[in-house]
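Asker: the sequence and its predicted three-dimensional model are supplied below.
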Protein chains: 4
Amino acid sequence: MADLKDTRPYKIVAHMMENDAFSRWMGIQLLDVREGYCKISCKVTEEMLNGFYVTHGGIVFSLADSALAFSAATYGRVSLAIENSISYTKKSSSGNTLIAASSCINLSHKTGLFEVKVTDENEELLALMKATVYRKSEEFPV
Amino acid sequence: MADLKDTRPYKIVAHMMENDAFSRWMGIQLLDVREGYCKISCKVTEEMLNGFYVTHGGIVFSLADSALAFSAATYGRVSLAIENSISYTKKSSSGNTLIAASSCINLSHKTGLFEVKVTDENEELLALMKATVYRKSEEFPV
Amino acid sequence: MADLKDTRPYKIVAHMMENDAFSRWMGIQLLDVREGYCKISCKVTEEMLNGFYVTHGGIVFSLADSALAFSAATYGRVSLAIENSISYTKKSSSGNTLIAASSCINLSHKTGLFEVKVTDENEELLALMKATVYRKSEEFPV
Amino acid sequence: MADLKDTRPYKIVAHMMENDAFSRWMGIQLLDVREGYCKISCKVTEEMLNGFYVTHGGIVFSLADSALAFSAATYGRVSLAIENSISYTKKSSSGNTLIAASSCINLSHKTGLFEVKVTDENEELLALMKATVYRKSEEFPV
């Protein structure tokens, strides 16, 4: 990871994670990052479950949304999700590790289209997200 | 709220909230509930912010998703979100109160279509969700 | 409709419809238009059915998408749909009249969020669309 | 294609296409089909353009939706799209060939999740669809 840490995508995402309180609450770990791509994970805790003792849909979404935000930021401009569509395919629960990998599908001047896959530690698909970001003119100061 | 508490929709949602650890972490309050409808709120805390000091998209989604789950449950059958599409229209931050109201648009034997509006305390729209739930045969034991 | 025809939203939509070959093929009629809103209809013909003798999902979508495009254009700037999410609630068939009404939910400098309801002639909901448009700088020449 | 024609997925799709008037109007050609997968194409004609002389979004959607319907049917049960979310990445126009490939991402007893990629003849991505189908109990009579 020595080389990775020298890249601008890594520096941007590290900078974002530093200030991201909710991603910290979730215990998000950065697994990989490059231009247009980011892979992160978190471990499901008891506090993340819903009334059926299943990971709350909002936690799965939040991890995918953080991966999306990080991957969109790797291009150097501040980017905001404007539309996220998520489909759930499998339940998870306390003790599972969730892994979200976000890839850029298409980039235009002002918007970007991304796809995020969320799997568990056995590489079983838990959710698939398709999302659109709006790319501001503002550059990251790193 | 005395009469409300006697209704089956209220009893189902109260039962769900009791066991919903993540909704409790968010500090969700039940504002209104009837068959096919549920309105809840939560106050944004510092822990719910992302790296831009803006409410994490996953928190807005989670509140909407809880409202959706509660409103779908009011019909008495266990229901799971299978697809959620959310569009963000306005930022919020620490100190804001988020209010999510979920309404049933269409109900068939096995699926339901819902719309959830998330506003702040000034009734400004923050996000609009359209979601599909799968309705299991299983009844709530209340 | 005399006054309506004097408005800029009407002139913009009339100009768009004139050149829109596929909307003409569908037999689209303009029912109402004002800034941020457009209502159109078309009659389902045999050619619009799928293999189950039901209106092809693409026809319901196309009518909603045309209503969306027209309503977004009423603000005077060329706008392109970048993301459309549609949920189907009821079948229709040959002989039914489809009515699509598109309303602006939120407008920002470069994007807009719209909701489109498609009903039949009995005001039964057939489909609900949520869509995001990208607003170009280019103005309509009318 | 001799062997392909002996497969049940091919027979089901051929049966569906035979009766699908709108797919016929679009001039849809079957390129490939197997369980959980279908690839079809159509050539864009003048009648399929919108007011900007660009392929109407509804045509791109319709081709993707037909590919979805065919791929979902390959499992032998009648399936209906209940939610389709489409993102557009590139314009096309008269003379272009559109190719839509639909793949099953996840299948449960009553629902299925599919992803459809629409490209042009140069394999440039035009649109990405994520869609959910409802699987009826009814079997295809072929």
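Answerer: Received the coordinates, thanks.
Asker: excluding its backbone neighbours, what's nearest residue A:121?
Answerer: Nearest non-adjacent residue to residue A:121, counting by C-beta to C-beta, 6 or more residues apart in numbering or on different chains: residue A:97, 4.3 Å away. For every residue, glycine as well, the C-beta is placed using N, CA and C.
Asker: name whatever forms a beta bridge with the one you found.
Answerer: Going by DSSP bridges, residue A:97 is paired in beta bridges with residue A:43.
Asker: let me see the contact set for it.
Answerer: A:41, A:42, A:43, A:44, A:120, A:121 (C-beta atoms under 8 Å, 6 or more residues apart in numbering or on different chains).
Asker: so how far is residue A:30 from residue A:37?
Answerer: Counting by C-beta to C-beta, to the nearest Å, the gap from residue A:37 to residue A:30 is 12 Å.
Asker: residue ranges with poor pLDDT in chain A?
Answerer: For chain A, applying pLDDT under 70 flags the ranges A:1-2.
Asker: any idea which helix is longest in it?
Answerer: Counting residues, the longest helix found in chain A (DSSP state H) is helix A:57-73.
Asker: would that helix count as contacting chain D?
Answerer: No - against chain D, helix A:57-73 shows no contacts by C-beta under 8 Å from any C-beta of the partner chain, the least distance being 13.1 Å.
Asker: which of the residues in that helix are buried?
Answerer: Buried residues in helix A:57-73, counted by 16 or more other C-beta atoms under 10 Å in any protein chain shown: A:57-73.
Asker: could you do stretch A:80-99 as well?
Answerer: Buried residues in stretch A:80-99, counted by 16+ other C-beta under 10 Å: A:80-89, A:92, A:96, A:98-99.
Asker: what residues are up against residue A:18?
Answerer: So residue A:18 contacts residue B:51 (C-beta under 8 Å, 6+ apart).
Asker: kindly recompute the last result at 10 Å.
Answerer: A:24, B:51 (C-beta atoms under 10 Å, 6 or more residues apart in numbering or on different chains).
Asker: check the gap between it and residue A:37 for me.
Answerer: According to C-beta to C-beta, residue A:18 and residue A:37 sit 20 Å apart.
Asker: do the longest strand seen in chain A and chain B meet?
Answerer: Under DSSP state E, the strand in chain A containing the largest number of residues is strand A:125-139. Yes - counting by C-beta under 10 Å from any C-beta of the partner chain, contacts between strand A:125-139 and chain B involve A:127, A:128, A:129, A:130, A:131, A:132, A:134.
Asker: most neighbours out of those, which is it?
Answerer: residue A:131 (29 neighbours; other C-beta atoms under 10 Å in any protein chain shown).
Asker: now the closest residue to residue A:138 other than its chain neighbours: which helix or strand?
Answerer: Distances taken as C-beta to C-beta, 6+ apart place residue A:78 nearest to residue A:138, at 4.4 Å, with adjacent residues excluded. Per DSSP states H and E, residue A:78 falls inside strand A:77-88.
Asker: for that strand, what is the distance to the chain centroid?
Answerer: 10 Å (C-alpha atoms, centre = their mean, to the nearest Å).
Asker: tell me the strands beside that strand, with direction?
Answerer: Per DSSP bridges, strand A:77-88 is paired in its sheet with strand A:125-139 (antiparallel), strand B:77-88 (antiparallel).
Asker: measure how that strand sits relative to helix B:57-73, angle-wise.
Answerer: Orientation of strand A:77-88 against helix B:57-73 (axes from the mean of the first three to the mean of the last three C-alpha atoms, to 10 degrees) gives an angle of 20 degrees.
Asker: for the residue most central in space within chain A, give its distance to residue A:47.
Answerer: Centroid check for chain A by C-alpha atoms, centre = their mean gives residue A:67 as the closest residue, at 1.2 Å. The spacing between residue A:67 and residue A:47, counted by C-beta to C-beta, is 21 Å.
Asker: what of residue A:96?
Answerer: Distance from residue A:96 to residue A:47, counting by C-beta to C-beta: 14 Å.
Asker: in the one helix or strand residue A:40 maps to, what counts as buried?
Answerer: For residue A:40, the host element (DSSP H and E) is strand A:37-43. Residues of strand A:37-43 classed as buried: A:37, A:38, A:39, A:40, A:41, A:42 (neighbour count, 16+ other C-beta under 10 Å).
Asker: can you list those in CSV and add distance to residue C:24?
Answerer: Output for those, formatted as CSV (distance: C-beta to C-beta, whole Å):
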residue, distance to residue C:24
A:37, 44
A:38, 45
A:39, 48
A:40, 49
A:41, 52
A:42, 52
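Asker: surely residue A:61 meets residue B:22?
Answerer: No - in this structure, residue A:61 is not within contact of residue B:22 by C-beta atoms under 10 Å, at 11.5 Å.
Asker: need the overlap of contacts for those two.
Answerer: Common contacts of residue A:61 and residue B:22 (C-beta under 10 Å, 6+ apart): B:62, B:65.
Asker: I figured residue A:116 hits residue A:62, correct?
Answerer: No - Residue A:116 lies out of contact with residue A:62 (C-beta under 10 Å); the separation is 11.4 Å.
Asker: joint contacts of the two?
Answerer: In contact with both residue A:116 and residue A:62: residue A:100, using C-beta under 10 Å, 6+ apart.
Asker: quick one, what contacts residue A:8?
Answerer: Taking C-beta under 10 Å, 6+ apart, we find residue A:8 in contact with A:33, A:35, A:74, A:75, A:76, A:140, A:142.
Asker: list buried residues within these.
Answerer: Buried residues within the contacts of residue A:8, counting neighbours by 16+ other C-beta under 10 Å: A:33, A:74, A:75, A:140.
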